[in-house]
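>>> give the three-dimensional model of this entry:
(chains A, B and C)
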Amino acid sequence: MARFFAAKIAQYALVLLVALTLNFLLPRFMPGDPLQYIVGEDIGRLTPAERDAIRVQYGLDRPVVEQFARYVGDLARGDLGWSIGRKAPIGDVLKERLPPTVLLTGAALILSTLIGVALGAFAAWRRGRRSDLGILTGFIFLESMPAFWVGMLLIAIFSVNLRVLPIFGMETPYVRYEGLRRVADIGQHLVLPLATLTIVSISAMFLTARYSMLGVLGEEYITVARAKGLRETWVLFRHALRNALLPVATLFMLRVGFVISGAVVVETVFNWPGVGRMLFDAVLARDYPLLQAGFILTTFAVVAANALVDVVYPFLDPRVRVHG
Amino acid sequence: MDRAQPLAVAAPARRPRLPRIGVISAVGGGLLLILAVSAVFAPLVAPWDPSIATGAPFERPSARHLLGTNDVGQDILSELIWGSRISLTVGVLAALVATSIGTVVGAVSGFFRGPVDAFFMRVVDVVLSLPFLPLMILLAAFLGPSLLTIVLVVGLVVWARPSRIIRSQVLSLAGREYITAARAVGASDTRILVRHIIPGVGALIVVEFVQAAAGAILIESSLSFLGLGDPIQKSWGSVLYYAQARSAFLSGAWLWWVIPPGVAITATVLGFALIAFSLERVVNPRLRQR
Amino acid sequence: MLCPAQLVPFLLGRLVVEEETQMRLWRRMALAVIAAALLLGACAPAPAPGAQTSPTAAGQASPTVAAAKTVDLLKVGTTQDESSWNPYTYNSGYPGWTVLLMQFDTLMAFDLNNVPQPWLAKTVEASADSKTWTLTLESGVKWQDGTPFTAQDVKFTIEYFQKNIHGRFSTPLRDVDSITVQGTDKLVITIKAPKPGWRSQALADVPMLPDHIWGAYTGDPKKATDLKFSIGTGPYQLVEYQPDQLYRFKANQSYFKGKPLVNEIVMPIIKEANSTFAAVKTGELDTTVRPLQPELVADFKATAGMKIAQGPEFNSSGFWVNTERPGLNRKEVRQAISLAIDRQKLIDTVYLGAATLGSPGFVHPENAFANPAVTKPVYDVAKANALLDGIGAAKGADGVRALGGAKFSWEIIVQNTDPLAVRSAELMSQMLKGIAITTTVKVLDRNAWVAKAWPEFDVRKGRDYDLSLAGWTAPTQFEAGRLVEQIHSDPLVGSLNVYGFKDAAGDKLAEQLRDEGDPAKRKALAQQMQAYIADQLPIITTLYRDGVYAYKQATFDGWRFQKGLGIFQKNSFLPR
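Presented below is the predicted three-dimensional model:
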């Protein structure tokens, strides 16, 4: 068990190291002066002396190894750098951007899990029949649509033509609602991005739920339960579903890691003020420090979720506990 | 096993009472066939040359231009037909890169095991743990807009999953008697790999390739839409990029300028996904039994 | 101006539509208020245009006119975050600098024709050699926090920008030698070298900073993001900033030019053009700083309640030519390229008519110092071919011209950020086939483009391109002297000579233009320079995009179009 955890920790450290190295090397390997990735376009207006001063300030005149150590050290102290576009510490920018993203992708995760599990259980119950295959291909179809396109269509239909839902953002910008009205306002803005994100991300949940249900339904104790003459639905929900939820729970936890990065495209289409949109804006504004910090943050989230699974899994699955 | 990877298209249908799987693969195959034909015979199928203006800008659909014209007067239908070449090429090339790397890494790891395997599997773990889209945006932003960038970026990120699946198949093959026999008669490692192992996982490679192609086409369209592709190349993603950039929504043109390219992307990805779904059942003995 | 007969059906129609879409109560009430205001006020007998009282220095505009037009709230979509939108934190030239000047005043200010007029400085006198400048300030001007504005603030501002490098404002102030404050409202500034263009480049460009706020701050000015650093003397004060979300500006009721026409301006940040225009179309926004895209003009014109303001803008678009490349170093080749480009077709196809033909002399025909003799471009493929034949650039076996071993096969580089530019490049590439020149269009991201066309934004670093489809922003032709920067071969003088252009006659003309102080002679030299550019063509200007802006007429109809800047600028909000 201890060995298992040691190996895992080493693995996660490695992932972070790779992400850091990638971040560190990219600006230094691209053509042109790495300064343009640090100070942005203002570089053109600086005199050579001013440029050298900045180079010294950022330690770009030091050996590469020393620069890397410094970079990692800064990050470890929580210093993510300075956003060129926002002219603010990147930590502050991320702090603003996290709640909207967590709201949108968290809601989508929960919604897609609920619907996916319900339909997955139903499809497994009807295995091989017309309705099963119908739902199955339906979900493969959903997964085949580009997320941004789904979002565009929803905007075109519900916002531009029917005018029933807002077009952009998370709140009506010019009024400051309080309390319940504010919640309702955010809710209204949430509908379309949430629908889009749920539509494009639901299949994995469905397929996992269906697959594990099929496995459980074949187990002997289910057969025994059925033989006892209990009502089918009761068996389904009481025994099968509970046992089948294990892989679903695992997938859920892993997806938590992708909550932060999962909605780049959807947030962009809907102007949702989250981390995903921030990444896209950073590309447009050529705000490389912000882009890199976003990448580190999302990597960290994925690693944390994986670690969470490692810790929680033994408690969920008695078999692992026994063997482990 | 393999918890780190969401099961994308891995669900089996139970028991072999599945004549409808044939239907699914037929639908998938049919979709891809139509697209392949239109890609190969684009010059014959397309009503116009999409690289030149054959109408006024922003024409509505008419008998001359079934899907209207784009912002510079090029025929949208012809753009889509020619676009199938670019989109399919990007998808297939990226999938080729991904499955090639995946196959080599997977086969070598599974065959030699030991430190080689340990090393490669750590690398796979790392790649699978990096956030996918942010990584691609980061790379594409630094490397600049081009289709080659997209092919490489997709290829370099997608290979990890196939390599893991192929590795486990190789592991099970390597223990089989005929491999042991080949080894006993003194066949070299390379020979065993090339003659026995790779063909043994061939079908699985095809499945992984098809899935990777579906993913690559989706990713290409997303990156193009975000403006990280090459706007000169008429892929479906870049058609949508222009539709978006030239306000297709507000002018009502979305009906013929936004919906059709999206349908084309969806149909292609669906075609690949359905084929992969059916193939998987044929290839994977465990799934077939169920 | 709308009168009840027109207004009522319009508003009713609007209300019905809004009702259907579950319009919120506050919006309905706002509309009712606006309707009432319009019915009561706007249709009072309009004074004859000349009869409007011009605002006095103390700011007492005619109360009836001002009250009639005053609007409570204007919702204007903006394009990007500008941090705390003060002189050191804002990001963009437009709308960044434009809105900055709604908060901060300049000593002189551009009028609707972009001619600098006295502003904070009541009088501006330059010595004959334009080295000594004497300024008398308006009296009674106050900062938005109530502190009086004095000559000491001006001195402080100049010294602060000299000490704390700012990309835009430090450059024109670098040469300031001495500043002598004479009392609270007068000062004398001396400059090392004569600067005839100083009115536009410095006096009407650099915002004044309050000494009592910035003087007490010792930190990095780029990090001065507290809203107290956004206090200026201007008509609007930034009172709320939600990063990446919105800005809220309140009118400065005691503004020295009179009470502004709109009490509050809210600017939500909407980065996506489609969302912005959809919001304007549905009436959620009153207007946006974004120019309306050509394809939407017809649709918006047909939308009830929507009005379009259109006017010239001085941003130019065209080929930068690397005049160091074999073949492209011949002016005949550049002339042939210019002749072979059907500018009208570009405008009609890509810009749907909403652009002005590019002058071979670079300067927009509506510019005050434009040379009317050269502003009209000629499209003549036959003449272009004859020119090329004439210099012996014959077609090779592949049908492509060559001259002295240099094949006329080039690359056109263009940035990926502007889809219209990419489309134009494709069309122009096809047009050049007509004179047997082959070109391939290469789309680059911003950094890659800069690395090729203008490495490190420093022309001394050379260049590595053939043709680049690019633009120059409006300020490059706000003042005649700026033409020098593109033509002179010494990089320190010709800091915008991205073409590697070198010609003794051009240098001489540029120096004359740079040093001439007399306005009439200066204009003549500027026109001579345009004729020179039209002949040499290091830059082949193809078009200037028109500024087209859509706004909701019912909310505010007092917009004024400033040439080259559009409607959302200080002039629109001043009492008439």
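
>>> residues of the stretch 101-250 of chain C that sit close to chain A?
Proximity of the stretch 101-250 of chain C to chain A is confined to C:165, C:167-168, C:171, C:222-223, C:225, C:243-246 under the rule CB under 8 Å from any CB of the partner chain. The way it works is simple: take the backbone N, C-alpha and C, and place the C-beta from them, glycine included.

>>> let's see it at 6 Å
Counting by CB under 6 Å from any CB of the partner chain, the stretch 101-250 of chain C comes close to chain A at C:167, C:243-244, C:246.

>>> check chain C too.
So far as CB under 6 Å from any CB goes, chain C lies against chain A at C:21, C:75, C:81, C:83, C:89, C:167, C:243-244, C:246, C:266, C:268, C:270, C:272, C:275, C:278-279, C:446, C:451, C:457.

>>> out of the residues you listed, which are buried?
C:75, C:81, C:83, C:89, C:243-244, C:246, C:266, C:268, C:270, C:272, C:275, C:278-279, C:446, C:451, C:457 (16 or more other CB atoms under 10 Å in any protein chain shown).

>>> now distance to residue A:275 and pLDDT too, for the residues of the stretch 101-250 of chain C next to chain A, in a markdown table please.
What follows is these, written out as a markdown table (distance: CB to CB, whole Å; pLDDT from 0 to 100):
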| residue | distance to residue A:275 | pLDDT |
| --- | --- | --- |
| C:167 | 29 | 73 |
| C:243 | 14 | 84 |
| C:244 | 12 | 80 |
| C:246 | 19 | 89 |
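
>>> any chance you could map the strands in the stretch 51-200 of chain A?
In the stretch 51-200 of chain A, the strands defined using DSSP state E, counting those that start in this stretch lie at A:82-83, A:88-89.

>>> what's the mean pLDDT across the last one?
Across strand A:88-89, pLDDT averages out at 84.

>>> starting at the chain centroid, how far to stretch B:269-276?
Stretch B:269-276 sits 9 Å away from the centroid of its parent chain (CA atoms, centre = their mean, to the nearest Å).

>>> thinking again about what came up before, out of the strands of the stretch 51-200 of chain A, deepest packed?
Mean neighbours per residue, mean count of other CB atoms under 10 Å in any protein chain shown, is largest over the strands of the stretch 51-200 of chain A for strand A:82-83, with a mean of 22.

>>> who does that one pair up with?
Sheet pairing here is set by DSSP bridges, and for strand A:82-83 it gives strand A:88-89 (antiparallel).

>>> show me the contact partners of the partner strand.
The contact list for strand A:88-89 (CB atoms under 6 Å, 6 or more residues apart in numbering or on different chains) is empty.

>>> what about residue C:309, which SS state?
strand (DSSP: H, G, I helix; E, B strand; the rest coil).

>>> ranges for the helices of chain B?
B:19-40, B:42-45, B:76-112, B:114-129, B:132-143, B:147-158, B:160-174, B:177-184, B:189-192, B:198-225, B:236-245, B:254-257, B:259-283, B:285-289 (DSSP state H).

>>> for the stretch 101-250 of chain C, same thing?
In the stretch 101-250 of chain C, helices defined by DSSP state H, counting those that start in this stretch lie at C:151-163, C:198, C:211-214, listed in chain order.
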